[in-house]
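Chemist: need a 3D model of the following:
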Amino acid sequence: MPDIRQPPRFAPTKEEIETLALEALSRLPDPFAAHLSNVVLFVEDFADEQVLKDMEIEDPFGLTGLYTGRPVGHEAQTGDTPPTVHLFRRPLLDEWVETGIALDALITHVVVHEIGHHFGLSDLDMHVLEDMVAP
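Modeler: Numbers count the residues shown, from 1 in each chain. Next up, the predicted model:
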């Protein structure tokens, strides 16, 4: 019998999305894993208006993830902020519902794509890496 005191949960929280993202990152093989210690992960509901404007994206549901920072192998510059991966919860959840893809697989896909930018990978390389870390 269901616990009527506990309301049903319809959507994963930011913390649950972060957990899935961290699990995806933990499955990355060496040498990739060795270069992730300084990458910061953020989970937010949506990208902020300035990011959407800069990327010329009108619909806030149109961006599920974003990498910012200097890729591995590029010389650091004064004032650099740490490389970051942003995951946007609401667009991810919409894509999850619309596509029927398992949420952990979707999060892995987006995380690998964004981390691929950190390493300067091509789209083909990102697909190969994604296959290696699939849940």
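Chemist: could you find the closest non-adjacent residue to the most centrally placed residue in the chain?
Modeler: With distances taken as CA atoms, centre = their mean, V111 lies nearest the centre of the chain, 3.6 Å away. In space, V111 comes closest to A24 once its chain neighbours are excluded; the distance is 4.4 Å by CB to CB, 6 or more residues apart in numbering. (Each C-beta comes from the backbone N, C-alpha and C, glycine too.)
Chemist: doesn't M132 make contact with the one you found?
Modeler: No. Contact criterion CB atoms under 8 Å: A24 and M132 do not qualify, at 11.1 Å.
Chemist: neighbour count winner among the two?
Modeler: Higher neighbour count among A24 and M132: A24, with 22 against 12, using other CB atoms under 10 Å.
Chemist: not counting its own residues, what contacts the strand or helix carrying that one?
Modeler: In the assignment (DSSP states H and E), A24 maps to helix 14-26. Defining contact as CB atoms under 8 Å, 6 or more residues apart in numbering, one finds that helix 14-26 is touched by 12, 33, 36, 41, 43-45, 85, 87, 89, 92, 103-104, 107-108, 111-112, 115, 133, 135.
Chemist: which element follows it toward the C-terminus?
Modeler: strand 40-44.
Chemist: ok, the residue nearest to V111 to V112 distance?
Modeler: Between A24 and V112 the distance is 7 Å, computed by CB to CB, to the nearest Å.
Chemist: what touches both of those two?
Modeler: Joint contacts of A24 and V112 (CB under 8 Å, 6+ apart) are V133.
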